[in-house]
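1. Using only what follows, build the 3D model:
(one chain, ligands or ions: 1)
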Amino acid sequence: MKSITNLICNHRSIRNFTNQAVSNEQCKQIIEAAQSASTSSFLQCYSIIRISDKLLRSEFAILSGDQKWILESAEFWVFCADFNRHIEVCSNAKLGYIEYLIIGCIDTAMMAQNAMITAESMDLGGVFIGGIRNDIEKAVKLLYLPKFVLPLFGLCLGYPQYIPEIKPRIPWEVIVHENKYHPLNQKILERYNLDIKKYYQNRSNNKRNDTWSQLIKQLMIKEMRPYMLNYLHKQGWGIY
Ligand SMILES: Cc1cc2nc3c(=O)[nH]c(=O)nc-3n(C[C@H](O)[C@H](O)[C@H](O)COP(=O)(O)O)c2cc1C
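-> Just a heads-up that it's a prediction; the model follows:
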């Protein structure tokens, strides 16, 4: 059995899958492990929606920006922050606090990462799909989601056709601070930029020539789903 640290450090997103199915027993184990994650105040404020309908899958593939792996993976699950059952239990629950939105996102993400690790421990691979938020209103309609159920991201799962190279992360010295926040160490960043450039140039697929800083500069000057605040307020999230 692989050590947990090895398993976790071996992660790479998988975007190409064989036709092999993931069994119901595997799905059950993955979901049980996912649910074992810590959960704020024991709220368990999340749901997973398994998309087995091929037509619905294709709708999600398109609205996520034509991500074909949504169609090709054995499983596609949508992870939602979910307070619907809390309203059923407590009809006067004050869900408008932005803190509930934060809690819902944290709990769902922690649970989903447990799902990814468990799937990887079974030699499955996966990729999260934030692209489902490209048209959040449509995603909500397609899944008949009630109020206070927020689709956050999808997860494609299946057996990998090939295993891509590991994407190097920022050196840990940059993300760990001791006792107080430290400014960004430019020397380490420069070194990392070179590492990432080498990684992009040498990887088997989708080669490119960017550094990490270039990537961030291209990405972060664009609008980022600017409709989100209005949508959330319309749905009663984060009003105080
Ligand atoms: C919440 C979330 C949403 C993501 N959305 C997408 C997506 O829509 N499409 C995609 O191809 N990858 C998506 N990814 C995968 C990231 O691009 C990937 O994790 C990152 O580039 C690091 O690569 P690695 O996972 O192979 O180490 C997403 C990852 C996360 C955590």
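2. Show me what the longest helix belonging to the chain is packed against.
-> Secondary structure of the chain per DSSP state H: the longest helix is helix 98-121. The contact analysis (3 or more C-beta pairs under 8 Å, 6 or more residues apart in numbering; DSSP states H and E) places helix 98-121 against helix 4-9, helix 24-35, strand 46-50, strand 75-82, strand 125-129, strand 149-158. In short, each C-beta sits where N, CA and C put it, glycine included.
3. quick one: buried residues of it?
-> For helix 98-121, burial by neighbour count (16 or more other C-beta atoms under 10 Å) applies to 100-101, 103-109, 111-121.
4. For P171, which non-adjacent residue is spatially closest?
-> Counting by C-beta to C-beta, 6 or more residues apart in numbering, P171 lies nearest to I188, which is 5.3 Å off, once chain neighbours are set aside.
5. ugh, wrong one, I meant R133
-> Distances taken as C-beta to C-beta, 6+ apart put R225 closest to R133, at 5.9 Å, once the chain neighbours are dropped.
6. Then F17?
-> Computed as C-beta to C-beta, 6+ apart, the closest residue to F17 that is not its neighbour in sequence is G158, at 3.5 Å.
7. Surely the one you found touches Q26?
-> No. Taking C-beta atoms under 8 Å as the definition, G158 is not a contact partner of Q26, at 10.7 Å.
8. shared neighbours of the two, anything?
-> Common contact partners of G158 and Q26 (C-beta atoms under 8 Å, 6 or more residues apart in numbering): L124.
9. neighbour-wise, which of those two wins?
-> Neighbours around G158 and Q26, counted as other C-beta atoms under 10 Å, are more numerous at G158. The numbers are 24 against 17.
10. Now do that one against the ligand, distance only.
-> According to C-beta to the nearest ligand atom, to the nearest Å, G158 and the ligand sit 14 Å apart.
11. ditto for Q113
-> 8 Å.
12. Report the beta-bridge partners for the residue sitting nearest the centre point of the chain.
-> Taking C-alpha atoms, centre = their mean, the centroid of the chain lies closest to F128, which sits 4.0 Å from it. According to DSSP bridges, the residues that bridge with F128 are L155.
13. So for it, what pLDDT did the model give?
-> pLDDT for F128: 99.
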